[in-house]
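Asker: Sequence first, predicted coordinates after that:
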Amino acid sequence: MNNFLNSLYDQFRLNFIDDNRWEWIVKGLKSTLIITLCALIIGLIIGIIIASIRSTYDKNLETFKLRGGIGYHIMKFLNFICHIYLTVVRGTPVVVQLLIAYFIIFASSRNGIYVAIFAFGINSGAYVAEILRGGIMSIDNGQFEAGRSLGFNYLQTMRHIIIPQVFKNVLPALCNEFISLLKETSIAGYVGIVDLTKAGDLIRGRTFSPFMPLIAVALIYLIIVLILTQLVKLLERRLRNSER
């Protein structure tokens, strides 16, 4: 038993204490959290815009057709662009999108973190858009009519009545998307970013000891996901209580 503990301590010292290799883990965790949070914000912005356009087009298609004119053609074009965006982003692997962003779109960029934020934000936006669109489409049309009866136009109705209800309904799903996004950022090392996963791999490459650094990375991801999962459950419980 003592030999096992001594061996474990030696492995821990080799992988994290010697040459301050633990700093790579800290640096990698910081990069992972920055990429995740910033990409989530971009994804939310894109998602709100895309979901608003698509749900507006779907809910008011007959009205647009009856009115005709430039407004109908503009909405039809915007809906078409949104559909292409969703099809391309959701139909291709996120790692391929990251590589295209790094080696083609931003080939001259020297900051991989900004490129990763852009790539993951674009990817997350497609999934957030569908989550929000589903939430908007689930709102009863009577809510829109109530907004109009109060003198609101469509945009004001969306802003003051519909969107607050939608966020309440889809908040757990958005939190789960945040958890998925956190895990997806583990591929950021493909473009040379020292994220949490890459930090563990760098330590493994220096010490030739894969067990300790990779298990440590897995445990850190697991702890973060467990914390976020518990927060989501707490949020869902509070939302259920507020509905009673």
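Answerer: Alright, I've got the coordinates.
Asker: For residue 125, which non-adjacent residue is closest in space?
Answerer: Nearest non-adjacent residue to residue 125, counting by CB to CB, 6 or more residues apart in numbering: residue 46, 3.0 Å away. Heads up, the C-betas are built off the backbone N, CA and C, glycines and all.
Asker: That neighbour touches residue 130, doesn't it?
Answerer: No: here residue 46 does not reach residue 130: they are 11.6 Å apart, not a contact under CB atoms under 8 Å.
Asker: and those two? which has more neighbours close in?
Answerer: residue 46 (21 against 18; other CB atoms under 10 Å).
Asker: quick one: least confident helix or strand in the protein?
Answerer: The weakest-scoring helix or strand in the chain, judged by mean pLDDT, DSSP states H and E, is helix 61-67 (a mean of 74).
Asker: what's it packed up against?
Answerer: Packing partners of helix 61-67 (3 or more CB pairs under 8 Å, 6 or more residues apart in numbering; DSSP states H and E): helix 69-91.
Asker: what sits up against the helix or strand following the helix it packs on?
Answerer: Later in the chain than helix 69-91, the nearest helix or strand by DSSP states H and E is helix 94-100. Outside helix 94-100, the residues within contact range by CB atoms under 8 Å, 6 or more residues apart in numbering are 89, 115-116, 119-120, 122-123, 184, 187-188, 190-191.
Asker: Throw the residues you listed into CSV and include neighbour count and secondary structure, thanks.
Answerer: Formatted as CSV, those follow (neighbours: other CB atoms under 10 Å; DSSP: H, G, I helix; E, B strand; the rest coil):
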residue, neighbour count, secondary structure
89, 18, helix
115, 23, helix
116, 28, helix
119, 28, helix
120, 27, helix
122, 21, helix
123, 24, helix
184, 18, helix
187, 20, helix
188, 29, helix
190, 17, helix
191, 21, helix
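Asker: mind listing the helices for this protein?
Answerer: Listed in chain order, the helices of the chain (DSSP state H) span 2-12, 22-59, 61-67, 69-91, 94-100, 112-138, 141-149, 154-157, 163-184, 196-207, 211-243.
Asker: Okay, buried residues for the last one please.
Answerer: So that's helix 211-243. Neighbour counts using 16 or more other CB atoms under 10 Å place 212-214, 216-217, 220-221, 224, 232 of helix 211-243 among the buried residues.
Asker: For the nearest residue to residue 175 once chain neighbours are set aside, give me its contacts.
Answerer: With sequence-adjacent residues excluded and distances taken as CB to CB, 6+ apart, residue 175 is closest to residue 232, at 4.4 Å. Contacts for residue 232 (CB under 8 Å, 6+ apart) come out as 172, 175-176, 179.
Asker: what about 7 Å?
Answerer: Neighbouring residues of residue 232 by CB atoms under 7 Å, 6 or more residues apart in numbering: 172, 175-176.
Asker: Filter these down to the buried ones and hand me the PyMOL line.
Answerer: Buried members of these, identified by 16+ other CB under 10 Å, are gathered into one PyMOL selection as follows:
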select buried, resi 175
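Asker: Just send the contacts of residue 232 back as a markdown table, with pLDDT too.
Answerer: Shown next, in a markdown table, are those (pLDDT from 0 to 100):
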| residue | pLDDT |
| --- | --- |
| 172 | 81 |
| 175 | 85 |
| 176 | 87 |
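Asker: which one among the contacts of residue 232 gets closest to residue 40?
Answerer: Checking these against residue 40 with CB to CB, the nearest one is residue 175 at 10.1 Å.
Asker: which residues touch the closest residue to residue 225 other than its chain neighbours?
Answerer: Once flanking residues are discounted, residue 225 sits nearest to residue 179: 5.8 Å by CB to CB, 6+ apart. Residue 179 sits next to 225, 228-229 when contact means CB under 7 Å, 6+ apart.
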